[in-house]
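>>> Make a model of this:
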Amino acid sequence: MANKIHDAFENVKADPALKQSTIQFLEGKRKKKQPMFSYVPIGKTVAAVCAMVMVLIGIGGYSWLLTPVSYVSIDINPSMELALNRLDRVVSVTSYNPQGEELIKNLRLKGKKYMQAIYMITESDRLKQYLQFEEELVLTVAADSSKTALKTGVEQCCSHIGHGTRSVSVDVEVASKAHENGLSVGKYSAYLQLSQYDDSVTIDQCKKMSMAQIHSQIMEHEHGTGHGHGSGANNTSEDTNQTEHEREHEQETEPNEGNEEHEQETVSETKHEQEINTNTAAKHEQETERKQEDEFEEHQHRRRRGHHGYE
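Residues are numbered from 1 along each chain as shown. Sure thing, here's the model as predicted:
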């Protein structure tokens, strides 16, 4: 009989400790109620075992329904995340900042299908206030490759929401790393992308940034205008080009030594010629003045001679 009980539990998928304690409980009951060498109806024992198996299956099924296997984060400035079971229904909702907590606090999302839960969040008045300022809304799916219908459904939600809403898909393994760092899968995925360009950015900085701010920095780096580590090569190239340009300009404007000496000689010769010309002009002027004085004296002398009758 003991072997039959063990055989009955052989294919039951449950916690090993729970299975063993159940088997021991049934064997103990059998030994207490039945005298030695007495006949035990097999039908009653099998019925009891089947009843216990159904209980265990019920417990396992409940656990199966509550186990999250995929995640959908909704990030704008409020950051929140839906955990989904195998039926794509919400089993838990987590907010990752005060704005997200405020947004979902009055929404009953557990047990809802993921599309219904997404619309309840995105069509709320609080989230619409962020969309009015053209903030970027990103829906990120963390699921295994078999969840193609889930990814397609989230893309449909983005099209319905509008406002430039976009969807991102990542491996489900990203979720555990994101949760360890206190981020939704969407924020963590954006952080990983930004850190590829700028390794100085921290998780704490990204926690305080909106998705639009993170994406803006990513775009700056992709277009070569970022100031982080990833754009260092571009900046170095620009500085080198600028330095070479300045050097060429200096070489163009800076006279060489041979030209400078030639110019100095030319200036000296010019000055010497000017001095000669000046001296010659002065001498010529002096000679002219002397001639004029001599002529004047001779004229006066003639007048005096004529006045005294010498002529």
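
>>> Just the pLDDT for Tyr130.
Tyr130 carries a pLDDT value of 88.

>>> scratch that, Val90
Val90 is assigned 96 on the pLDDT scale.

>>> give me the number of residues near it?
22 (other CB atoms under 10 Å). Just so you know, the C-beta spots here come from the backbone N, C-alpha and C atoms, and that holds for glycine as well.

>>> Next, please give the residue ranges for the strands of the stretch 51-200 of the chain.
70-75, 79-84, 90-95, 138-142, 166-170 (DSSP state E, counting those that start in this stretch).

>>> elements contacting the last one?
Strand 166-170 makes packing contacts with strand 138-142, helix 148-161, helix 185-197 when contacts are defined by 3 or more CB pairs under 8 Å, 6 or more residues apart in numbering; DSSP states H and E.

>>> and what of the second one?
Counting contacts by 3+ CB pairs under 8 Å, 6+ apart, strand 79-84 is packed against strand 70-75, strand 90-95, helix 98-104, helix 114-122, helix 185-197.

>>> if we go to 6 Å?
Contact analysis of strand 79-84 by 3 or more CB pairs under 6 Å, 6 or more residues apart in numbering; DSSP states H and E lists strand 70-75, strand 90-95, helix 98-104 as its packing neighbours.

>>> Nearest residue to Glu102 in space, ignoring adjacent ones along the chain?
Nearest non-adjacent residue to Glu102, counting by CB to CB, 6 or more residues apart in numbering: Arg126, 6.8 Å away.

>>> Distance-wise, check the one you found relative to Leu107.
Distance, Arg126 to Leu107, by CB to CB, to the nearest Å: 10 Å.

>>> Just give me the neighbour total for Glu222.
By other CB under 10 Å, 13 other residues sit near Glu222.

>>> related to what we said a few turns ago, looking at the strands of the stretch 51-200 of the chain, which is buried most?
Mean neighbours per residue, mean count of other CB atoms under 10 Å, is largest over these for strand 70-75, with a mean of 27.

>>> now what about it, what contacts it?
Strand 70-75 has contacts (CB atoms under 6 Å, 6 or more residues apart in numbering) with 80-84, 114, 121, 138-143, 147, 175, 184-187, 211.

>>> thinking again about what came up before, how about the strands of the stretch 51-200 of the chain in CSV, adding distance to Gln193?
Formatted as CSV, the strands of the stretch 51-200 of the chain follow (distance: least, CB to CB, whole Å):
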stretch, distance to Gln193
strand 70-75, 13
strand 79-84, 16
strand 90-95, 22
strand 138-142, 11
strand 166-170, 9
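
>>> closest one to Asp199 among those?
Of all the strands of the stretch 51-200 of the chain, strand 166-170 sits nearest to Asp199, with 20.2 Å by CB to CB.

>>> Looks like Thr94 contacts Glu81 (just checking).
Yes: in this structure, Thr94 is within contact of Glu81 by CB atoms under 6 Å, at 4.9 Å.

>>> Give me the common contacts of the two.
The contact sets of Thr94 and Glu81 do not overlap (CB under 6 Å, 6+ apart).
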